[in-house]
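1. Quick one: sequence and predicted model below, then my questions.
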Amino acid sequence: MKAEDIDKTLQPVTENGQHLSPILPEGVKNYLIDIDGTICDDIPNEEPERMLTAEVYPDALITLNKWYDEGHIIFFFTSRTEAHREYTERWLKQHGFKYHGMVMGKPRGGNYHWIDNHLVKATRYRGKFTDLVDKEVTIQVFDDEHHE
């Protein structure tokens, strides 16, 4: 699916006769993926010259492209700034990443706590990018062999 076709897949939602924000069809996920330290070497914004030479994490490329081909939405959500967009897009294309878009300027520093009116699931990257598996607490995580 192309980025311009995402809105065509959204399903309308109404409550008490009022329209609400539309939702994706069941089974389609909206993935927001970090870049530095998650799909490639961790490059700080202060060293943008390294962004074009970052080493890709092969398991991230394979998994993300598989999810894309399965019809999921892939957006990169990065702390890189708008000034880094061109380099970042060039690097993603050079390495063959399939994606729908990129959101720049994510706050830096980690310790994220996302509050939203839609279901949000979070998976911490710990060195292995795979399909997601269910844990006893019924959240989805990368199969990173740390199942505590």
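-> Cool, the structure landed. Residues are numbered from 1 along each chain as shown.
2. Which residues does stretch 82-91 contact?
-> The contact list for stretch 82-91, computed with CB atoms under 8 Å, 6 or more residues apart in numbering, reads 35, 40, 45, 48, 51-52, 54, 76, 78, 80, 102, 104-105. C-betas here are computed from N, CA, C, even on glycine.
3. Most widely separated two among those residues?
-> Using CB to CB, the two most remote members of the contacts of stretch 82-91 are Leu52 and Gly105, lying 19.8 Å apart.
4. Excluding chain neighbours, what is closest to Lys66?
-> In space, and not counting its chain neighbours, Lys66 is closest to Asp131: 7.7 Å by CB to CB, 6 or more residues apart in numbering.
5. how many other residues sit next to that neighbour?
-> Using other CB atoms under 10 Å, Asp131 is surrounded by 11 other residues.
6. Thr38 now?
-> So Thr38, with other CB under 10 Å, has 17 neighbours.
7. again with the one 5 residues further on
-> Per other CB under 10 Å, the neighbour tally for Ile43 reads 22.
8. Please apply the same query to the one 5 residues further on.
-> Under the neighbour criterion other CB under 10 Å, Pro48 is assigned a count of 15.
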